[in-house]
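**Q** Below: sequence and its predicted model.
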Amino acid sequence: MKEGSVRGFVLPSFMPARALEFYSKLFGWKSEKLEGAPIEYNVIQTPNKEIEGAIIPVLAPGQTQFIFISVHSLEKKVDEAVKLGANIAIGKQELKNRGVFVVLFDPDGNLFGLWEEQ
């Protein structure tokens, strides 16, 4: 995937099982619980197959959905984002056999993730 492409999305939910059922029935999305993730993480496969999503529990009041953007070098882009005014929300995490990511706040306080494939 080209650097800068939207790689996926995250939908936080107070009731992840309900959200999974809703989107599955509405759009036919398939889901799989990702074992070994640092939080409850349900991977969503959309018909597009290039853009994958996740449904996670709400981790903080006011948390909203956000996107993951593909990068070739996670460390380089995180450093660049911080120099441009971003702040790290969730430090480097690995999703086994998938990739590594960091979640940041942009200068306006919007969440976004940077994703490097493994």
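**A** Received, thanks.
**Q** Tell me if Ala81 really is in a helix.
**A** Yes: checked against DSSP: H, G, I helix; E, B strand; the rest coil, Ala81 lies within a helix.
**Q** wait, it sits on Leu114?
**A** Yes: in this structure, Ala81 is within contact of Leu114 by Cβ atoms under 8 Å, at 7.2 Å. C-beta here means a position set from N, CA and C on the backbone, and glycine is covered the same way.
**Q** Between the two, which is the more surrounded one?
**A** Neighbours of Ala81 and Leu114, each counted by other Cβ atoms under 10 Å, are more numerous for Leu114; the result is 25 against 20.
**Q** my read: that one touches Val102, true?
**A** Yes: under the criterion of Cβ under 8 Å, Leu114 makes contact with Val102 at 5.3 Å.
**Q** Contacts for the longest helix along the chain next, please.
**A** The residue-count maximum for a helix in the chain (DSSP state H) belongs to helix 16-27. Helix 16-27 is contacted by residues 11, 13, 29-31, 40, 42, 44, 46-47, 55-57 when judged by Cβ atoms under 8 Å, 6 or more residues apart in numbering.
**Q** Skip ahead from that helix and say which helix or strand is next.
**A** The C-terminal neighbour of helix 16-27 among helices and strands, as given by DSSP states H and E, is strand 30-33.
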